[in-house]
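Undergrad: Just need the structure, nothing else, for what follows:
(2 chains)
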Amino acid sequence: MAKEITPRSEDYSQWYLDIVQKARLADNSPVRGCMVIKPHGYAIWERMRDALDAMFKATGHVNAYFPLFIPKSFLSKEAAHVEGFAKECAVVTHYRLKNDPNGGGVIVDPEAKLEEELIVRPTSETIIWNTYRDWIQSYRDLPILINQWANVVRWEMRTRPFLRTTEFLWQEGHTAHATAEEAVAETEQMLEVYARFAEEFMAMPVIKGIKTANERFAGAVETYCIEALMQDGKALQAGTSHFLGQNFAKAFDVQFLNKENQQEYVWATSWGASTRLIGGLIMTHSDDDGLVIPPKLAEIQVVIVPIPKPSPELTEAADKIAAALRAKGVRVKIDNDDQNRPGFKFAEYEMIGIPVRLGLGMRDLAAGQVEVARRDTKEKTSVPVDTIADYVANLLDEIQQNLFDRAKAYRDEHITPADTWEELVDILENKGGFVSAHWDGTTETEVAIKEKTKATIRCIPLDAKEEDGKCILTGSPSKRRVLFAKAY
RNA sequence: CGGGGCGUAGCGCAGCCCGGUAGCGCACCUGCUUUGGGAGCAGGGGGUCCCAGGUUCGAAUCCUGGUGCCCCGACCA
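TA: Sure thing, here's the model as predicted:
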């Protein structure tokens, strides 16, 4: 038993770290808060990236790439934006090293100080809007619908693999529009794209909503978000889409001539999702035996394990099954390793989250069957070889659906209405999850509730019904319920 | 930035209190026997004991200073 995973019931946080480590998703790096994303973790990101990228393209977006470095002065142009990011920026001050004259190693060459410091992008609004100024003259130049896949750096106090790392991978969409209506429609459309991606590919149910002023993106007029619920009852913001109004256009002086030959400021949106999604994926589906990957995001959906080890007969049978599966579009690996024993392999494939495992031994071959083991429920059944391809193809869909249904049932059970302060506190302390409660709409109240309970308003759900009520803390009138939760 | 913990083989750790020249498990290499849920036996390789200074005949161990990482909070995707 070389690879024990801490049970969730014992220490959820340690369980999470164990999964990341033992499912070979990522390693810590020599640099604080940065991680090495290992092949098995990166494969999940590649699938996420490809799926999202296709959805962006299908909604009319194109990819481009803007620089990693941003002149320091750009950051100060949009007041709220600086306020939000200044405290967590990595700054490049020099461009050269030299040998230490006092011996031992290299030092920063004091002669090589930069005239203007460069900021490693924490997000790219500033450099992109500085560029858009030159690209936009007329309403005919609009809209601009650009996305970029990039890495960004935010010097966070406290980091956790995938959930919050100093450097992370993400995509950021930056669009420019002639009207506010069009920009809002874009913001909402992209929120919809994220929600669909989360639910269809990650099998992770999400709540669509808007952020309160207090939780809004630095520089945005309105921030839309999708919020997911993790197994430990904490919420995770899984994607955001911002309506930026004319804030960045004004800060970077981006105007266009409209049809009436008048100068107007351009309307903007930005939207992003990051490698944090992998953290969400882990905490939505995985269990004490290891990672669980939904079939649509699994690089390898099916592994065939010859039992007890590969032999000419077993390999021939495995090749046929693999060919039949591949013909159905299933991603298959045949385990040709002849060193480890079956028990070891079973545990290993469960650890790294392969959705379906086929066990194939002489016993099965003689009976014309294959043993099918599904990762999500751990159930095993024997299936005739001649129907295996159809069976597995259907099973993958069923697993994808089951994971979603399971997560949704859990999530739905953990949206609890509260009408008194005592209820709110009790639910947050003991049950966890989202608490649906009335709020008077002020930042003061929101902050006060956070100080008392550590819970924040995750969002005002888009589908929140009009309902007269009283604020859970102050008793002031409220028109609708909002969702409170402790969050990652 | 506060609080706590830890730096000893690739990984996880013991040894430190009480100083005597480094050990255990896993992993790795070789061989044999095994193989339907994490194999067994035998042999073997691998170490600036985080760094610097001090005390001492002698430091992984004691003292001083530094440094790194992890975990828990406040801040954030």
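Undergrad: where do the strands sit along the stretch 1-150 of chain A?
TA: With DSSP state E, counting those that start in this stretch as the criterion, the stretch 1-150 of chain A has strands at A:26-28, A:35-37, A:62-63, A:69-71, A:91-94, A:97-99, A:106-108, A:113-120, A:144-153.
Undergrad: From the chain's centroid, how far away is the third one?
TA: For strand A:62-63, the gap between its own C-alpha mean and the chain's C-alpha mean amounts to 20 Å (C-alpha atoms, centre = their mean, to the nearest Å).
Undergrad: Where among the strands of the stretch 1-150 of chain A is average confidence lowest?
TA: Ranked by mean pLDDT, those end with strand A:106-108 at the bottom, a mean of 78.
Undergrad: residues making contact with it?
TA: Contacting residues not belonging to strand A:106-108 are listed as A:His94, A:Arg96, A:Leu97, A:Lys98, A:Asn99, A:Asp100 [C-beta atoms under 8 Å, 6 or more residues apart in numbering]. (Glycine included, C-beta is placed from N, CA and C.)
Undergrad: hang on, the earlier thing: for RNA strand B, which of the strands of the stretch 1-150 of chain A is the nearest?
TA: Smallest distance to RNA strand B across the strands of the stretch 1-150 of chain A (C-beta to the nearest atom of the strand): 4.8 Å, for strand A:26-28.
Undergrad: From the contact counts, what lies against that closest one?
TA: Counting contacts by 3 or more C-beta pairs under 8 Å, 6 or more residues apart in numbering; DSSP states H and E, strand A:26-28 is packed against strand A:35-37.
Undergrad: TSV please, covering the strands of the stretch 1-150 of chain A and showing mean neighbour count and distance to A:Arg411.
TA: Output for the strands of the stretch 1-150 of chain A, formatted as TSV (neighbours: other C-beta atoms under 10 Å; distance: least, C-beta to C-beta, whole Å):
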stretch	mean neighbour count	distance to A:Arg411
strand A:26-28	16	26
strand A:35-37	19	27
strand A:62-63	12	33
strand A:69-71	18	38
strand A:91-94	12	41
strand A:97-99	12	51
strand A:106-108	12	50
strand A:113-120	14	36
strand A:144-153	18	29
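Undergrad: out of these, which comes closest to A:Gly279?
TA: Smallest distance to A:Gly279 across the strands of the stretch 1-150 of chain A (C-beta to C-beta): 10.1 Å, for strand A:26-28.
Undergrad: Show the low-confidence segments of chain A, by residue range.
TA: Residues of chain A meeting the criterion pLDDT under 70: A:1-3, A:102-105.
Undergrad: got the domain boundaries for it?
TA: Following automatic domain parsing, chain A resolves into domains at A:12-285, A:302-395, A:415-485.
Undergrad: okay if I get the strands of the stretch 1-150 of chain A as CSV plus distance to A:Val482?
TA: Shown next, in CSV, are the strands of the stretch 1-150 of chain A (distance: least, C-beta to C-beta, whole Å):
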stretch, distance to A:Val482
strand A:26-28, 34
strand A:35-37, 34
strand A:62-63, 36
strand A:69-71, 35
strand A:91-94, 37
strand A:97-99, 52
strand A:106-108, 49
strand A:113-120, 34
strand A:144-153, 29
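Undergrad: can you map out the helices along chain A?
TA: Secondary structure of chain A (DSSP state H): helices located at A:12-22, A:39-58, A:72-75, A:79-85, A:125-135, A:180-200, A:247-251, A:276-285, A:312-327, A:342-352, A:362-367, A:388-413, A:421-426, A:443-453.
Undergrad: what sits against the residue lying closest to A:Glu467 once chain neighbours are set aside?
TA: Of all residues not flanking A:Glu467 in the chain, A:Arg480 sits nearest, at 5.8 Å (C-beta to C-beta, 6 or more residues apart in numbering). The contact partners of A:Arg480, taken as C-beta under 8 Å, 6+ apart, are A:His438, A:Ile460, A:Ala464, A:Lys465, A:Glu466, A:Glu467, A:Gly469.
Undergrad: Next, give me the two most distant ones among these.
TA: A:Ile460 and A:Gly469 (13.5 Å).
Undergrad: need the contact list for the most centrally placed residue in chain A.
TA: In chain A, the centroid-proximal residue (C-alpha atoms, centre = their mean) is A:Leu277; its distance is 1.9 Å. By C-beta under 8 Å, 6+ apart, the contact list for A:Leu277 reads A:Met48, A:Ala198, A:Met202, A:Ala238, A:Gly239.
Undergrad: Please report the distance of it from A:Phe74.
TA: 28 Å (C-beta to C-beta, to the nearest Å).
Undergrad: Just confirm A:Val303 contacts A:Val332, I think it does.
TA: Yes. Applying C-beta atoms under 8 Å as the test, A:Val303 and A:Val332 come out as touching, 7.5 Å apart.
Undergrad: what pairs with the closest residue to RNA strand B within the stretch 351-488 of chain A across the strands?
TA: Distance from RNA strand B to each residue of the stretch 351-488 of chain A (C-beta to the nearest atom of the strand) is smallest for A:Gly361, at 2.1 Å. Assessed by DSSP bridges, A:Gly361 has beta-bridge partners A:Ile307.
Undergrad: got the residues of the stretch 101-250 of chain A near RNA strand B?
TA: A:154, A:156-160, A:163-166, A:168, A:215, A:217-218, A:237, A:240 (C-beta under 7 Å from any atom of the strand).
Undergrad: cool, the stretch 251-400 of chain A as well?
TA: Contact residues, the stretch 251-400 of chain A versus RNA strand B (C-beta under 7 Å from any atom of the strand): A:272, A:274-276, A:289, A:307-309, A:340-344, A:346-348, A:350-351, A:359-365, A:371, A:373, A:378, A:380.
Undergrad: Can I get the buried part of the residues you listed as one PyMOL selection?
TA: Selecting the buried subset of those in PyMOL, with 16 or more other C-beta atoms under 10 Å as the burial test, is done by:
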select buried, chain A and resi 272+274+275+276+307+309+346+348+350+351+359+360+361+364+365+371+373
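Undergrad: How about exporting stretch A:321-335 as CSV, limited to the C-alpha atoms?
TA: Extracted as CSV, the C-alpha positions of stretch A:321-335 are listed here (Å, rounded to 0.1, in the frame of the first residue of the first chain):
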residue,chain,number,x,y,z
ILE,A,321,-11.7,-4.9,-29.0
ALA,A,322,-9.6,-1.7,-29.2
ALA,A,323,-10.2,-1.4,-32.9
ALA,A,324,-13.9,-1.8,-32.5
LEU,A,325,-14.0,0.8,-29.8
ARG,A,326,-11.9,3.3,-31.8
ALA,A,327,-14.3,2.8,-34.7
LYS,A,328,-16.9,4.2,-32.4
GLY,A,329,-14.7,7.2,-31.5
VAL,A,330,-13.6,5.9,-28.1
ARG,A,331,-10.1,6.7,-26.9
VAL,A,332,-8.5,3.4,-25.8
LYS,A,333,-5.2,2.3,-24.3
ILE,A,334,-4.1,-1.2,-24.2
ASP,A,335,-1.9,-1.9,-21.1
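Undergrad: From the chain's centre, how far out is it? Work that out for me.
TA: Per C-alpha atoms, centre = their mean, the centroid offset for stretch A:321-335 relative to its chain is 29 Å.
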